[in-house]
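K.L.:
Predicted model and sequence follow; I will ask about them next.
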Amino acid sequence: MALVKAFTQFVDPPSGSTSAEASPEAGGTPRAAKIETVNMGFFYGTHQALRDISLRINECAVTALIGPSGCGKSTYLRSLNRMNDIIEGTRVTGSVTLDGEDIYARDVDVVSLRKRVGMVFQKSTPFPKSIFDNVAFGPRIAGLTNRTELTEIVERSLQQAALWNEVKDRMRESAMALSGGQQQRLCIARALATSPEILLMDEPASALDPASTARIEDLIFELKQNYTIVIVTHNMQQAARISEVTAFFCQGRMVEVGQTKQLFTNPSQKETEDYITGRFG
Ligand SMILES: Nc1ncnc2c1ncn2[C@@H]1O[C@H](COP(=O)(O)OP(=O)(O)OP(=O)(O)O)[C@@H](O)[C@H]1O
Ligand SMILES: [Mg+2]
């Protein structure tokens, strides 16, 4: 009951079929998974950081990943757009599919994959360039040179990231002159500029004050109409507020996944309950 009290106030009733799995009990047809990992494992050299992760990530929904520090959340997130490839000696086992296609297949173009699966890192990492050049970076890498088109994309992305009004007269200024919360929204705009289908967010609000955090959460709410979002957060109230599905990771395993409300109010595993009630982690 304590769990119910602690979390129901934060959770909106999920709309439609939002279960991590099919929800035949709700009469809904199972949604197609946008991303699916099956028996996925991950190694840094000989150290196995993830084992046996089977998780379906539904389209146009928010999936939250929670769990104690070092349990593998960032590793999992980075494996969804092959960002771990840049770390030498890493290896993935099992399967990771996007729209049913193996993203680790030999013929996959990793640049195109990362265009489809954008990422916002835990620490905002603007380039030491102007605000405009930061947002235009991805489209330029993709070969776009037309100034009018670039300007349109930059404005649209900044609008989507709820930053446009604050920076529209400062486009040539350095991004480093923005506040932390503005830099984080700039990084979101930069990720959106390549029109990804999926947005991976690694603790996007962990360094922000409550007002900036609320803006990011509002933004995620807006974005999920069109994007599939996977978010890592240490803030369980945040997970409860913004996600439909939550997966709890611990020591490289996925202990439990379910509808967010159910996981927070009636977890099936003792480990999950201990974590969300603050008994460990
Ligand atoms: N580049 C790396 N090289 C070797 N081991 C790594 C590397 N990055 C992470 N690890 C190890 O993999 C495990 C999972 O780390 P990861 O960063 O995925 O955890 P996390 O759940 O995101 O933690 P946190 O909540 O602190 O961000 C840890 O044991 C960590 O030490
Ligand atoms: Mg992490």
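P.N.:
That came through, no problem. Ligands and ions are numbered 1, 2, ... in the order given.
K.L.:
for stretch 58-66, how far is the first residue from the last?
P.N.:
Using CA to CA, to the nearest Å, the span of stretch 58-66 from its first residue to its last is 17 Å.
K.L.:
Can you give me the separation between the residue nearest to Thr213 when sequence neighbours are not counted and Leu158?
P.N.:
In this structure, Thr213 finds its nearest non-sequential neighbour in Ala205, 4.2 Å apart by CB to CB, 6 or more residues apart in numbering. C-beta coordinates here come from the backbone N, C-alpha and C atoms, glycine included. Separation of Ala205 from Leu158 (CB to CB, to the nearest Å) stands at 18 Å.
K.L.:
C-terminal to the one helix or strand in the chain whose mean pLDDT sits lowest, which secondary structure element comes first?
P.N.:
For the chain, the helix or strand with the lowest mean confidence is helix 2-8, at a mean of 44 (criterion: mean pLDDT, DSSP states H and E). Next in sequence after helix 2-8, counting helices and strands by DSSP states H and E, comes strand 33-44.
K.L.:
Could you name the helices and strands sitting against the helix or strand hosting Met254?
P.N.:
Taking DSSP H and E as the criterion, Met254 maps to strand 253-259. Counting contacts by 3 or more CB pairs under 8 Å, 6 or more residues apart in numbering; DSSP states H and E, strand 253-259 packs against strand 47-58, strand 245-250, helix 270-276.
K.L.:
Could you write out the alpha-carbon coordinates of it in PDB?
P.N.:
Only the C-alpha atoms of strand 253-259 are listed here, as PDB (Å, rounded to 0.1, in the frame of the first residue of the first chain):
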ATOM      1  CA  ARG A 253      20.200  -8.100 -15.800                       C
ATOM      2  CA  MET A 254      16.700  -6.900 -16.500                       C
ATOM      3  CA  VAL A 255      14.800  -7.900 -13.400                       C
ATOM      4  CA  GLU A 256      11.400  -6.800 -14.400                       C
ATOM      5  CA  VAL A 257       9.500  -4.900 -17.100                       C
ATOM      6  CA  GLY A 258       5.900  -3.800 -17.100                       C
ATOM      7  CA  GLN A 259       3.500  -0.900 -17.400                       C
END
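K.L.:
Looking at the helices and strands packed on strand 253-259, spot the one closest to ligand 1.
P.N.:
Closest to ligand 1 of the helices and strands packed on strand 253-259 is strand 47-58 (CB to the nearest ligand atom; 3.7 Å).
K.L.:
what lines up beside the closest one in the sheet?
P.N.:
strand 33-44 (antiparallel) (DSSP bridges).
K.L.:
Ramachandran angles for the residue lying closest to Ile188 once chain neighbours are set aside?
P.N.:
In space, Ile188 comes closest to Ala161 once its chain neighbours are excluded; the distance is 4.4 Å by CB to CB, 6+ apart. The phi/psi pair for Ala161 (degrees, to the nearest 10) reads phi -90, psi 10.
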